[in-house]
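A.B. asks: how does the following fold in three dimensions:
(chains A, B, C and D)
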Number of protein chains: 4
Amino acid sequence: MADAGGIAADRLKSFIERIERLEEEKAAIAGDIKEVYSEAKSSGFETKIMRQIVRLRKMEPQERSEQEQLLDVYKQAIGMI
Amino acid sequence: MADAGGIAADRLKSFIERIERLEEEKAAIAGDIKEVYSEAKSSGFETKIMRQIVRLRKMEPQERSEQEQLLDVYKQAIGMI
Amino acid sequence: MADAGGIAADRLKSFIERIERLEEEKAAIAGDIKEVYSEAKSSGFETKIMRQIVRLRKMEPQERSEQEQLLDVYKQAIGMI
Amino acid sequence: MADAGGIAADRLKSFIERIERLEEEKAAIAGDIKEVYSEAKSSGFETKIMRQIVRLRKMEPQERSEQEQLLDVYKQAIGMI
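C.D. replies: Have a look, this model is predicted:
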């Protein structure tokens, strides 16, 4: 393994290239997600609300329910409902 | 202090309003920063490079110098320079 | 005005320093906001829910109401409620 | 296709599930990237500098070279070098 400036050049290059390949895959999937939202929008769905749904479904039902109840309590307390 | 759903409504409202005032001030300053960059751009400066300058000046000179040297070592190692 | 590398050095320095002062002010306010949330937490409030309240209050009541209704429709459609 | 609240429930559910599968894949790849950086760190590399390398390699060599030169001009102008 050749050294440049005291570091293992081949090893560094290998790490960088692995990261770049993974970053490309990640960007491709991010593009796919964008396309699904775009397709949903064309079908008449509100993507902003869809994003909220996706975020809410990541939570445990119990936790989600508690948070929704607490949100209602806070809303009522400050006169939002 | 009135309670709503078991919480101290006035106290919550006071916290929320303080946060909202501070958020407004923060947004105003963010707007000022944007304007300075906009003015600099009109004067012919590259704001992208200016942002790098601002970021670099936040670092200690010693730390910045070490990082710049290491960046050069890495660049050389993988054949970027 | 002295030039360095073909640019108006004093003018650039002035822009950078104005930005830095504004960035400091912004950071100070961000710190104040953090403190209010911290104080609210010590008083027993859920800051996560408070952040939702702050976000919701930024919206027009009409818009907020429509979004909440649509969220309920979507939740029901996919069996979340 | 069943409707709930006036919307095409099955279609919405299908969109949401496609997004969720893609989000899972994206999170898995993000985890892989984190692991490569972690492995590189264990091998003695500075991941902060590696991230700069990855960012710089995304740019066209010509563009990168111009930006680096301009950064030096700005640095000199405000007395950083």
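
A.B. asks: low-scoring pLDDT stretches of chain A, where are they?
C.D. replies: A:1-7 (pLDDT under 70).

A.B. asks: quick one, strands of it?
C.D. replies: Shown for chain A, the strands assigned by DSSP state E span residues A:3-4, A:7-8.

A.B. asks: can you pull the buried residues of stretch A:51-58?
C.D. replies: Neighbour counts over stretch A:51-58 (16 or more other Cβ atoms under 10 Å in any protein chain shown) mark A:52-54, A:56-57 as buried. Any C-beta I mention is one placed from the backbone N, CA and C, and that applies to glycine too.

A.B. asks: make TSV out of those residues and add distance to A:K34.
C.D. replies: Shown next, in TSV, are the buried residues of stretch A:51-58 (distance: Cβ to Cβ, whole Å):
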residue	distance to A:K34
A:Q52	17
A:I53	17
A:V54	13
A:L56	20
A:R57	19
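
A.B. asks: which helix runs longest in chain A?
C.D. replies: When chain A is parsed with DSSP state H, its longest helix is helix A:9-42.

A.B. asks: starting at the chain centroid, how far to that helix?
C.D. replies: Distance, stretch centre to chain centre, for helix A:9-42: 13 Å (Cα atoms, centre = their mean, to the nearest Å).

A.B. asks: tell me what it is packed against?
C.D. replies: Using 3 or more Cβ pairs under 8 Å, 6 or more residues apart in numbering or on different chains; DSSP states H and E as the contact test, the elements touching helix A:9-42 are helix A:47-57, helix B:61-77, helix D:9-42, helix D:47-57.

A.B. asks: next, the buried residues of that helix.
C.D. replies: Buried-residue list, helix A:9-42, by 16+ other Cβ under 10 Å: A:9, A:11-13, A:15-16, A:18-19, A:22, A:25-26, A:29, A:32-33, A:36-37, A:40.

A.B. asks: one step back: keep the buried residues of stretch A:51-58, but drop any that are not near chain D.
C.D. replies: A:53-54, A:57 (Cβ under 8 Å from any Cβ of the partner chain).
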